[in-house]
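Asker: Got a predicted structure here, sequence first:
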Amino acid sequence: MPSRISDCLRANPVYIHHKQLDLNLVKGLPDSHAWTNLQDDYPSVYLCTVETVPVVDLDDKKVLDLVGHACKTWGVFQVRNHGISKILLDEIESTGKRLFSLPMHQKLKASRSPDGISGYGLARISSFFPKIMWSEGFTIIGSPVEHAHQLWPQDCTKFCDVIQEYEKEMKKLARKLILLILGSLGLTEEDVKWAGPEGAFEGGSAALQFNSYPVCPEPDRAMGLAAHTDSTILTILHQNNTSGLQVLRDGNGWVTVPPLPGALVVNIGDLLHILSNGLYPSVLHRVIVNRTQYRLSIAYLYGPQSTVKVSPLHKLIDQGHPPLYGTVTWSEYLGTKAKYFDKALSSIRIYAPLNGFGDTDDHKGVTAG
Ligand SMILES: C=C1C[C@]23C[C@@]1(O)CC[C@H]2[C@@]12CCC[C@@](C)(C(=O)O1)[C@H]2[C@@H]3C(=O)O
Ligand SMILES: O=C(O)CCC(=O)C(=O)O
Ligand SMILES: [Fe+2]
């Protein structure tokens, strides 16, 4: 199994046999983009008044309890007082807008190849669905320079500078959140071998994903980004002021994560699900689209160094709580995800209780298409 993420993605090419349409020019919803069975899925409960995604103020004295509760019961929360300046959030948002408003022929020059890691194109998970999603994406892993130069041959310095600054700040926030999450489990960085000196998580790796959701003529029959969990420890997401992100709540229904000015969304990913031995389950989420408002999001997908071994943390294991998952590196897990998609977590499960013991669910697929 390849050790670096880039090698792993190269070894698991994604062939997406769909031509990238310019969604901004399409007048009606083409059959290729018309999803069936969307109504048979779980209902959307975005008008629900009782259940709202937790919002955690990182300066709150009870932050550990709040984070722990959110991770255990929702797998997603929004954070305030996260330390990322409004200027930087505005800058990354306008960088994304500038990118996606380039003419199609220019964006296609920076296309992600099937065995590539970075660039413009449809989400990697597109190959698992018969219909095409109403979105376009741009992935950055490592240096953005090559693709940025294809997009802006004259001068891509501004783009690269903003990406670099944003990634630097996101990395700090991701580490802070991981320490809080460990704290909420009664653990410290010393309980995580690969955390390194002072819990610095040196060598952690990440992907930056820009997602663009143009306005859609028939939003009820289209899908912005199909239901999935992220293969990360956690994902930090900045969304513009258009709603669309939904999370599946206890298998009951889709709940919208409303955009809150200045707040960032934190999603628990599959690697934290494994590390926490299923105590903090990864969250199934999707994006629906909109007839009148353009939506943009920027996801910072954070994982450990690609070669470190991830398995349920020792202190969470005892006779009553056997390890539910085997050991994987992030690289290996991305390979597993590329093959099995929504069955990836269950494919590495090593202990399956007969009586609901362990109280975990490896996400049964939500398959509309
Ligand atoms: C590191 C990664 C996680 C990701 C696949 C990738 O190689 C880079 C893009 C990531 C992303 C973003 C959109 C949703 C997602 C499921 C996808 O298709 O590409 C995630 C992948 C993931 O978390 O598995
Ligand atoms: O656009 C969004 O709100 C979600 C994006 C997402 O789920 C992802 O990039 O993994
Ligand atoms: Fe996601």
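Answerer: On my side now, so go ahead. Ligands and ions are numbered 1, 2, ... in the order given.
Asker: Now do the strands in this protein.
Answerer: For the chain, the strands defined by DSSP state E cover 55-57, 76-80, 119-121, 136-140, 205-213, 225-228, 234-239, 245-249, 253-256, 264-268, 285-287, 295-303.
Asker: Direction included, what does the fifth one pair against?
Answerer: Translated: strand 205-213. Using DSSP bridges, strand 205-213 pairs in its sheet with strand 136-140 (antiparallel), strand 295-303 (antiparallel).
Asker: circling back: need the strands of the chain in TSV (columns: distance to ligand 1).
Answerer: Bear in mind the C-beta positions are built from the backbone N, C-alpha and C, glycine included. Formatted as TSV, the strands of the chain follow (distance: least, CB to the nearest ligand atom, whole Å):
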stretch	distance to ligand 1
strand 55-57	22
strand 76-80	14
strand 119-121	10
strand 136-140	5
strand 205-213	4
strand 225-228	4
strand 234-239	7
strand 245-249	12
strand 253-256	17
strand 264-268	9
strand 285-287	9
strand 295-303	5
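Asker: What residues does the stretch 251-369 of the chain have near ligand 2?
Answerer: Residues of the stretch 251-369 of the chain lying near ligand 2 by CB under 6 Å from any ligand atom: His285, Val287, Ser297, Ala299.
Asker: Now the buried members of the residues you listed.
Answerer: Buried members of those, scored by 16 or more other CB atoms under 10 Å, are His285, Val287, Ser297, Ala299.
Asker: May I have the phi/psi pair for the residue nearest the centre of the chain?
Answerer: Of all residues in the chain, the one closest to the mean position by CA atoms, centre = their mean is Asp230, 4.3 Å from it. Phi and psi for Asp230, reported as degrees, to the nearest 10, are phi -90, psi 150.
Asker: gap between it and Gly119?
Answerer: 19 Å (CB to CB, to the nearest Å).
Asker: Next: Leu187.
Answerer: Distance from Leu187 to Gly119, by CB to CB: 38 Å.
Asker: need the longest helix for this structure.
Answerer: Assignment by DSSP state H gives helix 157-184 as the longest helix of the chain.
Asker: and the angle from it to strand 136-140?
Answerer: Angle, helix 157-184 to strand 136-140, by axes from the mean of the first three to the mean of the last three CA atoms, to 10 degrees: 80 degrees.
Asker: Helix 157-184 near ligand 2 at all?
Answerer: No. Helix 157-184 lies out of reach of ligand 2 by CB under 6 Å from any ligand atom, never closer than 13.3 Å.
Asker: so that helix versus strand 264-268, what angle?
Answerer: Relative orientation of helix 157-184 versus strand 264-268 (the same axes, to 10 degrees): 60 degrees.
Asker: and helix 157-184, does that touch ligand 1?
Answerer: No. Using CB under 6 Å from any ligand atom, helix 157-184 stays clear of ligand 1, with a minimum separation of 13.3 Å.
Asker: Buried residues in that helix, which are they?
Answerer: Within helix 157-184, the residues that count as buried by 16+ other CB under 10 Å are 159-160, 162-163, 166-167, 169-171, 173-175, 177-182, 184.
Asker: Stretch 183-195 too?
Answerer: Ser184, Leu185, Leu187, Glu189, Val192, Ala195.
Asker: so which of these comes closest to Phe138?
Answerer: Nearest to Phe138 among the buried residues of stretch 183-195: Ala195, at 30.6 Å, using CB to CB.
Asker: looking at it, the closest one is touching Glu202, isn't it?
Answerer: No. Ala195 is beyond contact range of Glu202, at 9.0 Å (criterion: CB atoms under 8 Å).
Asker: Now do the nearest residue to Cys8 once chain neighbours are set aside against ligand 1, distance only.
Answerer: Distance criterion CB to CB, 6 or more residues apart in numbering; nearest residue to Cys8, sequence neighbours excluded, is Ser331 at 4.1 Å. Distance, Ser331 to ligand 1, by CB to the nearest ligand atom, to the nearest Å: 10 Å.
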